[in-house]
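> what's the 3D shape of this:
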Amino acid sequence: MSPDHGELLYEGKAKRIFATDRSDRVLVEFKNDATAFNAQKKAQLEDKGRLNCQISARLFELLEAQGIPTHYLGLAGDTWMVVQRVKVIPLEVVLRNIATGSLCKQTPLQEGTPISPALLDLYYKDDALGDPLLTEARVHLLGIVDGARLSAIEQLARRINGVLQPFFDGLALQLVDFKLELGLNSAGELLLADEISPDTCRFWDQRSSDAEERILDKDRFRKDLGGVMEAYGEVLKRVHTACPDPRYCL
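Predicted coordinates for the structure are as follows:
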């Protein structure tokens, strides 16, 4: 059942955003749509929206408990979240703790190479351009953010990694890499937005040595490995076991 909401403000690949009776809050609905390769590959995966919503909620609560500001205000249903309305900065911030994926295609780094400190990559959030990799100089050229804001973005992203990496390690999950989106609320505060889920993170199961079986994220969909929802469900189970009440995830 969907909560009362206003007009549809925006629909993306994985979520819909609706107005509420407050101008500084919106409702986010997590969809079952799955996409990969800039939406060239698409599918409907039953229960995906619920799993991503519930995982994200617990992780937002974990980060808030550690003093990291997020847009999250609470759950409004199995697939619904109440969040602060933010102006999203058109950057995808990617933290890489382990070399895999595009990094191994673009550099001589071998799959599985640890990266410390984590590599921070910036991508321009623009589907028409294919979300290209940016340099700091290009960020300034495009006028996306100034130097002070860019520094704040990097500091916040690294703080988030500093909380999530050991948390997942305690769940026998390796946080290989993950994507963040950030935004500014009505007071101009920089907040973590979007979601944190197997759609936006790469997780490897430390209990498995098999290179395919250990994958517990959207790479199962990208690579046609099957068991996508079972993998997402396993992530939620471990997160929920660690944080049965998300307010006390410490």
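> What is the subsequent helix or strand relative to the helix or strand that residue 26 is a member of?
Residue 26 is located in strand 25-30, with elements delineated by DSSP states H and E. Downstream of strand 25-30, the next assigned helix or strand under DSSP H and E is strand 33-36.
> packing partners for that next one?
If you count contacts as 3 or more CB pairs under 8 Å, 6 or more residues apart in numbering; DSSP states H and E, strand 33-36 packs onto strand 41-44, helix 219-222. (C-beta placed from N, C-alpha, C; glycine too.)
> Just the CA trace of it, in PDB.
Output in PDB follows, covering the C-alpha atoms of strand 33-36 (Å, rounded to 0.1, in the frame of the first residue of the first chain):
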ATOM      1  CA  ASP A  33      13.100  -2.100 -12.200                       C
ATOM      2  CA  ALA A  34      16.700  -3.300 -12.800                       C
ATOM      3  CA  THR A  35      19.000  -1.600 -15.300                       C
ATOM      4  CA  ALA A  36      22.600  -1.900 -16.400                       C
END
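> which residues touch it?
By CB atoms under 8 Å, 6 or more residues apart in numbering, the surrounding residues in contact with strand 33-36 are 13-14, 41-45, 48, 199, 218, 221-222, 228.
> With distance to residue 86 as added columns, please give those residues in JSON lines.
Formatted as JSON lines, the contacts of strand 33-36 follow (distance: CB to CB, whole Å):
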{"residue": "13", "distance to residue 86": "18"}
{"residue": "14", "distance to residue 86": "17"}
{"residue": "41", "distance to residue 86": "29"}
{"residue": "42", "distance to residue 86": "27"}
{"residue": "43", "distance to residue 86": "29"}
{"residue": "44", "distance to residue 86": "28"}
{"residue": "45", "distance to residue 86": "27"}
{"residue": "48", "distance to residue 86": "24"}
{"residue": "199", "distance to residue 86": "19"}
{"residue": "218", "distance to residue 86": "24"}
{"residue": "221", "distance to residue 86": "28"}
{"residue": "222", "distance to residue 86": "28"}
{"residue": "228", "distance to residue 86": "29"}
